[in-house]
Structure formats: structure tokens, C-alpha cells
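Q: Any chance you can model this:
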Amino acid sequence: MNNQLLFKMLEGQNIDNKYYLNQLLGSGGFGGVYLADEVVRDRLIRTIALKLIITDNPYKQLDELIFSTTLNHPNLITCFTCGECKLNGADFLYLLMEKANYSLEDELKKGKLSEENVKQLLLDIVNGLDYLHSQNPVIVHRDLKPGNILRVGDKWKISDFGLVRSLQGTATQTTTMMGSMGYASPEAYEGKISPAWDIWSLGVVIYESLTGKLPFESDSPLHLMRQVVDLEADFSLISDYWQEIIKGCLIKDNKERFSSQDLGNKLREKIELKNNNISDNVNNIKKEKDINLLLKQADYLRESKQYREAIDLYNQVIELNPNNATAYNNRGLAYDELKQYQKAIDSYNRAIELDSNYTNAYNNLDLAYKNLKVSKKLIPIVIISFLVTFLFSWVVLLVSIYLYHYNANNYNAKYKEQISNNIKAIQLNSEDASAYNNRGVVYFYFKEYDKAIADYNKAIELDPDFQLAKDNLKIAQEKVMKNKKR
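A: Residues are numbered from 1 along each chain as shown. Just a heads-up that it's a prediction; the model follows:
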């Protein structure tokens, strides 16, 4: 039976009464991707993408799928879990992934992209490749093409890690030719694997996105190989702005080709977002209305742990658009990492003022309050210790009583505020397991253990694999048992 027909016939099937295959989104010779529902106890948990794979080497490929679930970056498709299953008498591997809006391949069928959209595409994919190439050992994708670049929300993400390869010990390894014709590098025909393979493929993708055609095309695989290895691409359709970037990707010698970091730096230079002259370029950014690109660069700096530089950029975004709730929320995340919790709280509150349905801002605000309490926990102890050393005992007693009542009143107000934030987050998304877990933490902190246990149980019901909620539940139950023994 034709495999594509087989994948179509599997619509409506389910895996372990948990994953229901609703609609086939696309298929190839050995794999099909479905829009699927994850259901637990007859409750819809989430809608996901599920890939079914036919393989003659299940052990090797299952290892590759397991590996893909360990990758974690904003510009890589999130892979949740994987496994083996039998459907209609046939054996498959499956992989659960986050659901995408569409692929770059779908977008290019409508026509070439604008230069502004290509900037965003390149910055996102470079960030994802930089993450893969900076791993130890280095990870090479080997099959970067429009069909494997997906749009999720406002980000482009790399998907399909079926051909990823880790390089152990050397910068280059040898394998059989794999990848997709038209996007494969010159050294790919020799089976030489290195990060430069992915850079070549990205150069082809950018060329295609700007022109609507590939730099090298032929119906004959042999003729195509000769073009890729020996000929130069035609850049007459490419603007001067992009020629330097694409030419740096399509250098025949892989050792001379741009790296992912080179590409990122070159693009940031061209969009005038280098960190050392951001303030000089604000007016130009205003003219270009490039706020989204500036925000992406700030997110990149934050994800690279350059928190102060990221905050500078978020402030620039806010200067350009004071009503940008995302900039306030993400600035709060950067302040959190610097342990400047009060500034983080102020940023989250401003984000909520601008967007009362901003679920992540509510959850982030709740966590910032918890972190602030932990950071201030020792302050009363330090004050009392100081007073014991330098003041009479009756003064110490009065101050201690005052601090006790002050903190009690203050904690009560903060308790109400945090619970209110948690309730708001749950109202916005009643299926958010993390919101219930966070509220449980607040209840536990204020010794309302029964309420905490109820929330932890609810979080586990929504997400049976939520290990943090399970650990919190165990701690709360142990606390209740200890109290009963007293």
C-alpha cells in the first residue's frame, strides 16, 4: 500500500486512548504529521502536532527522537515526548510537538517575502542554529529547508530533527549523502558533516525567500551537483543589502563560510542594532518602524544571558512604543535574572495594566513576589541581631514585636495580592497546570496546606508528567502528617 494513503487512512485513530489523530497535515514517504488532541480522563489537555514515522531501524531512530526532546530553544520546535505504537497492524514511532501555524514552504507558495520579513526570518533561524552549533558536542541539522522552518506565533522555528548529527571530537565527520537536493552544500556530496553545511542551506533558503527561486536548479541530480560544486550563483536579482550575507553563506570552501555567529553579527550590523551604538540608531529605527525586530534582538540578548544589554533594548522598545506589553513583561524577566525583583514586579504590573489578559505576566508577577520574599527573609533577623548587640533587651523586645506585627500585616496584603494574581491566571486559562501549581506554592507558604494539596493535585490531573507539582505535593503531605503527630 502507498504510504501516503496509509497515513490518510489513520485519521481518526488514537494512540493508547490518549493521542487522537484528527487531521493529516502532510506526509512523505516515511512520515506523516497530524493535528492531534491530547486527552486525559476524557479531558482535552491540549492540541498538538504528532508525527508518525515508518522505520526499518526503530532502535536507532527512537534514540534520535528521544534526543530531539532534550533540545530547548525559542527558535526550535518544542518536542514533548516520543514512543512506539501499533496502528492498523503496523508499527510506528511517534513524536509529539508543539503546533505550528504554517511552514515557510507554505508562505513561499504565495510568493517571495519582503526584505523586512526576511530579516526576521534570518534572525530567528540564526539564533536556532547558533544554539545547535554551540552545543558540546556540536549538533548539525543537515536538512534545513522551507518545509522544516515553521511559524509559531511571532517566531520562526527550526523543526524535523530526524537527520541531526552530533560531532564527537572533531569539527568535521563523514557520512553518506543526506539532506534535500537543492539545499545541500558542496561538501554534502562528499558526506562531510560540519556546521557549515547548515549555513549553506540557510543561504539557499534566504536566496529563495528573496527571489522565489533556488540559486542552483536542475532536473538532473548529477547536473545539480556540478552546479553546486563548480558554479557561482546569479546575484543579479539580489539587492546589495543582501548580497554580502548570502555570498558569505554560499562560499564553496566550508572553512571560509560564515558561522552562525558571523551571520548574526552581520545582520545586526545591517539593521543598525549593534550594542555599542544603539542610542545613535534609535531615530533610524523609528523611521523604519522596526520595533518588532528590536524586540527580537532584546529577547536574543536575554536568552544569551546578557541581561543588562537586553534591558537597554527593552527600554528602547518602550520609548518607541510605551504601550508594548511584551516589552514590559520581557524586561521583567531580565530583571528577575539580575535578582532585581521589585523592578521586575513593576514591569509585570505595567504589562498587566496594558493587557489585562496577559496570562504569562500574571504568572511571572506571582513568581517575582515569591523571589522577593525569599530575598528579604533574613532582613528582620539581621536587624534584631544588630539590636541585641547594641541596645538594651527591652528595646529589642519592642522592636521585635513591631516587626512581627508589621510583617504579619504586610504578608497578609501580599498574600491576598498573590492569590488574586493566581486566580486571574487560572481564569484566563483553566487548563494551565503551572498556574495551579504556583497558587499551591502560595498556599503552602502561608501554611494553608489543604488548599495547597488540592491545587497540586489539580496541576497533576492536568499534566500527569508535572514532576515539580508531584514533588510539591509530597512535601505538603509530609508537612500535614508532621503537624498531626504533634
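Q: neighbouring contacts of the helix or strand encompassing residue 292?
A: Element membership for residue 292 (DSSP states H and E) is helix 291-303. For helix 291-303, contacts defined as C-beta atoms under 8 Å, 6 or more residues apart in numbering pick out 73-74, 116, 119-120, 123-124, 127, 154, 264, 268, 271, 273, 275, 285, 307, 309-310, 313-314, 316-317, 320-321, 324, 326-327, 330, 333-334, 337. Quick note: C-beta positions are derived from backbone N, CA and C, even for glycine.
Q: Take the residues you listed and keep only those in helices.
A: Among the contacts of helix 291-303, DSSP state H puts 116, 119-120, 123-124, 127, 264, 268, 285, 307, 309-310, 313-314, 316-317, 320, 326-327, 330, 333-334, 337 in helices.
Q: Which of those residues are buried? Put it as a PyMOL command.
A: Buried members of these, defined by 16 or more other C-beta atoms under 10 Å, are picked up in PyMOL with:
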select buried, resi 119+120+123+124+127+264+268+285+307+309+310+313+314+316+317+320+326+327+330+333+334
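Q: How about residue 118: what's its closest non-neighbour residue?
A: With C-beta to C-beta, 6 or more residues apart in numbering as the criterion, residue 118 has its nearest non-adjacent residue at 5.2 Å, and that residue is residue 209.
Q: Quick check, central residue of the protein?
A: Most central in the chain under C-alpha atoms, centre = their mean is residue 74, positioned 2.3 Å from the mean C-alpha point.
Q: those helices in the stretch 51-200 of the chain, which residues are they?
A: Using DSSP state H, counting those that start in this stretch, the helices assigned to the stretch 51-200 of the chain run over residues 58-68, 104-109, 115-133, 195-211.
Q: Check the ones you listed for me and report the most buried one.
A: helix 195-211 (a mean of 24; mean count of other C-beta atoms under 10 Å).
Q: Show me what it packs onto, helices and strands only.
A: Counting contacts by 3 or more C-beta pairs under 8 Å, 6 or more residues apart in numbering; DSSP states H and E, helix 195-211 packs against helix 104-109, helix 115-133, strand 138-140, helix 240-249, helix 260-270.
Q: What helices and strands are in contact with the shortest one?
A: Judged by 3+ C-beta pairs under 8 Å, 6+ apart, strand 138-140 is in contact with helix 115-133, strand 165-167, helix 195-211.
Q: Please apply the same query to the longest one.
A: Secondary structure elements in contact with helix 115-133, counted by 3+ C-beta pairs under 8 Å, 6+ apart, are strand 138-140, strand 155-158, helix 195-211, helix 240-249, helix 260-270, helix 291-303.
Q: what about 6 Å?
A: Helix 115-133 makes packing contacts with strand 155-158, helix 195-211, helix 260-270 when contacts are defined by 3 or more C-beta pairs under 6 Å, 6 or more residues apart in numbering; DSSP states H and E.
Q: For these, please prepare CSV with the additional fields distance to residue 242 and mean pLDDT.
A: Shown next, in CSV, are these (distance: least, C-beta to C-beta, whole Å; pLDDT from 0 to 100):
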stretch, distance to residue 242, mean pLDDT
strand 155-158, 17, 96
helix 195-211, 6, 96
helix 260-270, 9, 84
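Q: Flag the shaky bits of this protein, pLDDT-wise.
A: 1-2, 162-179, 271-289, 374-428, 486 (pLDDT under 70).
Q: Alright, calling it a day.
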